[in-house]
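Peer 1: here is my input, please return the structure:
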Amino acid sequence: MKTLWCWRCKMEIPMLNEEEYIIASKLYGESFQKMKTGLSRKESFKPMLDYYNEITGFGETEPNAIMHHRISQYGPPCENCGKPYRTPQASFCASCGNKRLTAPNSGFMKVGLLSKLKVFFVNLTSFINRN
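Peer 2: Model (predicted):
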């Protein structure tokens, strides 16, 4: 568990690590099965909410919110403001606009793919023009 800024909740929230998230996700799925038996939403999701509240100390009341309180869904902290990037792939900070210098899958990968596509189309055009 780690406390991070949540973009949806607009506040710092305890986020689950992968082990904790797997348990919460399982409880989330089981809660839907319980609702099919006639239990109320509140009764069905109580084990999941209790689990989250027990490990985080945060009194969450909305089960759907817990499913986006997962550390791995967020990127590293912004070098400028410290809030996490919205996703691991984010190229800029949504809070302060800072451009991320080391965004994954940027630069070389995109340029490499774009260059390959240009070469392909140039070769294709040359082939078509010859015939």
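Peer 1: what are the neighbouring residues in contact with residue 45?
Peer 2: 28, 31, 63 (C-beta atoms under 8 Å, 6 or more residues apart in numbering). In this view, the C-beta of every residue, glycine as well, is placed from N, C-alpha and C.
Peer 1: for the first one, which residues are in contact?
Peer 2: When you say that, I think you mean residue 28. 45, 48, 63, 66-67.
Peer 1: quick one: which of these is most hemmed in?
Peer 2: Compared across the contacts of residue 28, residue 66 has the highest neighbour count, 26 neighbours, by other C-beta atoms under 10 Å.
Peer 1: so it touches residue 59, yeah?
Peer 2: No - counting by C-beta atoms under 8 Å, residue 59 is not a contact partner of residue 66; they are 11.9 Å apart.
Peer 1: for the protein, name the helix or strand with the lowest mean pLDDT.
Peer 2: Of all helical and strand segments in the chain, the minimum by mean pLDDT, DSSP states H and E falls on helix 108-130, at a mean of 54.
Peer 1: wasn't residue 52 part of a helix?
Peer 2: Yes - counting by DSSP: H, G, I helix; E, B strand; the rest coil, residue 52 is found in a helix.
Peer 1: show me what counts as buried in the strand or helix carrying residue 33.
Peer 2: Assessed by DSSP states H and E, residue 33 sits inside helix 18-36. Buried positions in helix 18-36, judged by neighbour count with 16 or more other C-beta atoms under 10 Å: 20-21, 24, 27-28, 31, 34.
Peer 1: now render those residues as JSON lines, adding distance to residue 96 and pLDDT.
Peer 2: Below are the buried residues of helix 18-36 laid out as JSON lines (distance: C-beta to C-beta, whole Å; pLDDT from 0 to 100):
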{"residue": "20", "distance to residue 96": "29", "pLDDT": "97"}
{"residue": "21", "distance to residue 96": "28", "pLDDT": "97"}
{"residue": "24", "distance to residue 96": "30", "pLDDT": "97"}
{"residue": "27", "distance to residue 96": "36", "pLDDT": "97"}
{"residue": "28", "distance to residue 96": "33", "pLDDT": "97"}
{"residue": "31", "distance to residue 96": "37", "pLDDT": "97"}
{"residue": "34", "distance to residue 96": "43", "pLDDT": "95"}
